[in-house]
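Colleague: Sharing a sequence plus its predicted fold:
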Amino acid sequence: MTLTWRHYLGVALLTLLIFLPGRMSLVPLDRDEPRYMEASAQMLESGNYVDVRFLDQPRYLQPAGIYWLEAGAQKLFGGPHDRHVAWPYRIPSLIAAVSAVTLTAYLGATLFGGMTGLIAAALLAVSTLLTAEGRMATIDTVLLLDILLVETALLRAYIDQQRNRNTSIGIALLYWGAMGCGLMLKGPVVLIPGLATPLALRIIERQAVWFGRLRPRWGWLITLAVVLPWCIAIGVVSHGAFFSHSVGTNFLGKIGHGQQAHGLPPGFHLVVFLLAFWPGSLFLVLGLPAIWARHREPAVRFLLCWIVPHWLVFEAIATKLPHYVLPTYPAIAILAAATLAKWPLTRPKAVWARGLMGLYTLLWGVLALGFVVAGAILLWQSEHRLDYGALIAVFGALPLVLYAFWLLWQRQRRRAAWVVIGAAVVVHAGIFLTVIPNLGLLQLAPRAATLYDDYRPCEDSTLVSVSYSEPSLAFLAGSNTKLLGVPAAAEYLAANASCALVLVDHKDEAALTAHMLEKGFSLTEYGRVTGLNYSNGHHLDLGLFAPVRK
């Protein structure tokens, strides 16, 4: 089967349809997303596209690339009065997800045929991790696409060497340009896959003649041209603080110490893979014997040199988050798809290996059933009600999952894969269309921001939040938001009483009131919102107050 442009267009459109549900209605989903959105919004407000800020603090975690993309999307698709609507900032992630899935189809078809490409694209599109990251205004999906472009250029040069074909200069420009863009997105992280893949092939094959097709003698100048202007600008503006913080603290600091309570032992990504790449995780594991039997084939060898070095690096560093190994998922999807479309099932000879595969299959099946009912259960436990959409997702996906079990029992792996891919689409649509938008635990910041908007005394008012410091509140309430402790909040309110309101939890009201009385002010309550702070599990009873001089 040969894929044409119509196939790739179909893959892109289907992927777009998969990632659209819930996109317009989702509130900021985790703590990182509103930080990216707020920093991008402040770029537009200030006109400063060099020095990235979150509220009144520098955000020196990575270069400005992702903020430029999100600010540009908001400028193009947002409006002057919807600065705190989330969906425009998520457009770069949407475009990156659609492009990554389509490019995976192309690579799979190039290596192993059209059917492999289609299955690989489908497995990547419905994988749990990409499903989540592709709906958020974070850097991970855009970085995935950039690294995928780097690997595409490497693969093209490698295959051209194998087939004794010329490699066009455009492939060299793609490689070095994508390396530069990766540095502008996430700093040195792009160097791990960009250099580790050719280095691993050099070690295994004891030659790297093919890498010369990428014109390394002058190609690095393209990378430098992409990243150097901004590096000079931010070095001047920050007096070198950006490099010491982003490289020294953020990047190198993650290697030896688990930052932000994310320190975990090696093996974390291997364990999480069952969930993060579901439903494709099972088909990769069942296909491992067939993959290993062909590990000397150039195409398989390249994909393994893409996956293994990247994976080992992020298993070795102390800080671990599931999305760190997301750039390996296209290669994993292609290998899993090849075992379904091209290679016959090979059962391991060792009894222990067959036992582990059986256990993995059991865990995968339990997880599949859990996915089917998780949305409805979460909605019931959180809101004590069932939504028809959640029930439709349950009863729509359950027969498909059960049918996939039966097909696996009959050893019809390819048909089982397609069926469970359909089940995943139904489950994800139900979660993002009906479950997450109706979860009260995600609505505390939007309700608090709405209450503030109802009573803001000035056009350029300031919200001082004493007890609730979530980034989502800062994004929804605006860049004038101040996240302060009780004494600092009282000081600010006393100095800016005419255009400031304060949001404070019931447990901190007495202390704030006492500090305000010392400064000759009382507090007038305008309203309250209650809910769960999902980041720490604390129940909050937030009151909105205005300072009034006594």
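Modeller: Arrived safely, thanks for sending. Numbers count the residues shown, from 1 in each chain.
Colleague: Could you pull out the strands in this protein for me?
Modeller: Ranges of strands in the chain, per DSSP state E, are 53-54, 57-58, 462-465, 482-483, 500-505, 521-533, 538-549.
Colleague: Nearest to residue 382, out of the ones you listed?
Modeller: Relative to residue 382, the nearest member of the strands of the chain by Cβ to Cβ is strand 521-533, separated by 8.4 Å. All C-beta atoms are positioned from the backbone trio N, CA, C, and that covers glycine.
Colleague: which regions of this protein sit below the pLDDT cut-off?
Modeller: Along the chain, segments meeting pLDDT under 70 span 79-84, 248-263, 535, 537.
Colleague: What residue spans form the domains of it?
Modeller: Domain ranges of the chain: 5-341, 351-440, 443-549, per automatic domain parsing.
Colleague: Dump the strands of the chain to TSV, plus distance to residue 420 and mean neighbour count.
Modeller: Converted to TSV, the strands of the chain look like this (distance: least, Cβ to Cβ, whole Å; neighbours: other Cβ atoms under 10 Å):
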stretch	distance to residue 420	mean neighbour count
strand 53-54	40	18
strand 57-58	45	12
strand 462-465	44	23
strand 482-483	44	20
strand 500-505	45	24
strand 521-533	33	16
strand 538-549	38	18
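Colleague: Report the contact partners of the residue positioned nearest the centre of the chain.
Modeller: Residue closest to the average C-alpha location in the chain (Cα atoms, centre = their mean): residue 133, at 3.1 Å. Counting by Cβ atoms under 8 Å, 6 or more residues apart in numbering, residue 133 touches 93, 97, 140, 141, 144, 323, 326.
Colleague: hang on, the second one packs against residue 134?
Modeller: Yes. In this structure, residue 97 is within contact of residue 134 by Cβ atoms under 8 Å, at 3.5 Å.
Colleague: any shared contact partners between the two?
Modeller: 19, 141.
Colleague: Give me the neighbour count for residue 301.
Modeller: 17 (other Cβ atoms under 10 Å).
Colleague: residue contacts, the closest residue to residue 181 other than its chain neighbours?
Modeller: Nearest non-adjacent residue to residue 181, counting by Cβ to Cβ, 6 or more residues apart in numbering: residue 146, 5.4 Å away. Counting by Cβ under 8 Å, 6+ apart, residue 146 makes contact with 178, 181, 182, 185, 190.
Colleague: again with residue 485
Modeller: residue 466.
Colleague: and it, how far is that from residue 135?
Modeller: 34 Å (Cβ to Cβ, to the nearest Å).
Colleague: Does residue 502 touch residue 467 like I think?
Modeller: No. Look at residue 502 against residue 467 with Cβ under 8 Å: they stay out of range, at 9.8 Å.
Colleague: quick one, phi psi at the nearest residue to residue 268 once chain neighbours are set aside?
Modeller: Once flanking residues are discounted, residue 268 sits nearest to residue 320: 4.6 Å by Cβ to Cβ, 6+ apart. Backbone torsions for residue 320, taken as degrees, to the nearest 10, come to phi -140, psi 130.
Colleague: residues near residue 320, how many?
Modeller: 21.
Colleague: longest helix of this structure?
Modeller: Criterion DSSP state H: the longest helix present in the chain is helix 351-383.
Colleague: Run a quick neighbour tally on the nearest residue to residue 202 once chain neighbours are set aside.
Modeller: Counting by Cβ to Cβ, 6+ apart, residue 202 lies nearest to residue 208, which is 4.1 Å off, once chain neighbours are set aside. Neighbours of residue 208 under the rule other Cβ under 10 Å: 15.
Colleague: Do I have it right that residue 208 meets residue 200?
Modeller: No. The pair residue 208 / residue 200 is not scored as a contact, 10.3 Å apart, by Cβ under 8 Å.
Colleague: residues contacting residue 58?
Modeller: Residue 58 neighbours (Cβ under 8 Å, 6+ apart): 51, 52, 238, 241, 242, 245.
Colleague: hmm, back to that, mind picking the one among the contacts of residue 146 that's closest to residue 24?
Modeller: residue 185 (25.6 Å).
Colleague: With residue 4 as the reference, measure out to that closest one.
Modeller: Residue 185 is 32 Å from residue 4, by Cβ to Cβ.
Colleague: and what of residue 511?
Modeller: For residue 511 relative to residue 4 (Cβ to Cβ), the value is 68 Å.
Colleague: And the two? Which one has more around it.
Modeller: For residue 511 versus residue 4, neighbours defined as other Cβ under 10 Å are more numerous around residue 511 (16 against 9).
Colleague: these two touch, right, that one and residue 486?
Modeller: Yes. Using Cβ under 8 Å, residue 511 is in contact with residue 486, at 4.8 Å.
Colleague: okay, and the common contacts of those two?
Modeller: Joint contacts of residue 511 and residue 486 (Cβ under 8 Å, 6+ apart) do not exist.
Colleague: Pull the contacting residues for residue 399.
Modeller: Counting by Cβ under 8 Å, 6+ apart, residue 399 has no contacts.
Colleague: ok, now with 10 Å
Modeller: 372, 419, 423, 426 (Cβ atoms under 10 Å, 6 or more residues apart in numbering).
Colleague: next one: residue 26
Modeller: Contacts of residue 26 by Cβ under 10 Å, 6+ apart are 33, 86, 87, 90, 135, 136, 432, 433, 436, 437, 442.
Colleague: Can you report how many residues lie near the first one?
Modeller: By other Cβ under 10 Å, the residues close to residue 33 number 23.
Colleague: isn't it right up against residue 90?
Modeller: Yes. Counting by Cβ atoms under 10 Å, residue 33 does reach residue 90; the two are 8.3 Å apart.
Colleague: list the residues that contact both of those two?
Modeller: Contacts common to residue 33 and residue 90, judged by Cβ under 10 Å, 6+ apart, are 26, 135, 136, 137, 138.
Colleague: Adding distance to residue 301, write those residues out as TSV.
Modeller: Output for the shared contacts of residue 33 and residue 90, formatted as TSV (distance: Cβ to Cβ, whole Å):
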residue	distance to residue 301
26	41
135	34
136	34
137	37
138	32
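Colleague: which pair in the residues you listed spans the largest distance?
Modeller: 26 and 138 (13.0 Å).
Colleague: Now list whatever residues contact both of these two.
Modeller: 33, 90.
Colleague: between the strands of the chain, which gets nearest to residue 116?
Modeller: Comparing these by Cβ to Cβ, strand 53-54 comes nearest, at 43.1 Å.
Colleague: Need the residues that contact the closest one.
Modeller: With Cβ under 10 Å, 6+ apart as the criterion, strand 53-54 contacts 34-36, 38-39, 42-43, 45-46, 59-61, 67, 471, 474-475, 479.
Colleague: Out of the residues you listed, which end up buried?
Modeller: 34-36, 38-39, 42-43, 59-61, 67, 471, 474-475, 479 (16 or more other Cβ atoms under 10 Å).
Colleague: Of those, which is the nearest to residue 279?
Modeller: Nearest member of those to residue 279, counting by Cβ to Cβ, is residue 36, at 28.8 Å.
Colleague: so who does the closest one touch?
Modeller: Counted by Cβ under 10 Å, 6+ apart, residue 36 has contacts 28, 52, 54, 59, 61, 66-67, 69-70, 89-90, 92-93, 136-139, 471, 475.
Colleague: Also residue 345?
Modeller: 286, 287, 289, 290, 339, 411, 413.
Colleague: can you count the residues close to the fourth one?
Modeller: Okay, so that is residue 290. Using other Cβ under 10 Å: residue 290 sits among 19 other residues.
Colleague: Surely it is in contact with residue 346?
Modeller: Yes. Between residue 290 and residue 346 there is a contact at 4.5 Å, judged by Cβ under 10 Å.
Colleague: so what sits against both of the two?
Modeller: Joint contacts of residue 290 and residue 346 (Cβ under 10 Å, 6+ apart) are residue 339.
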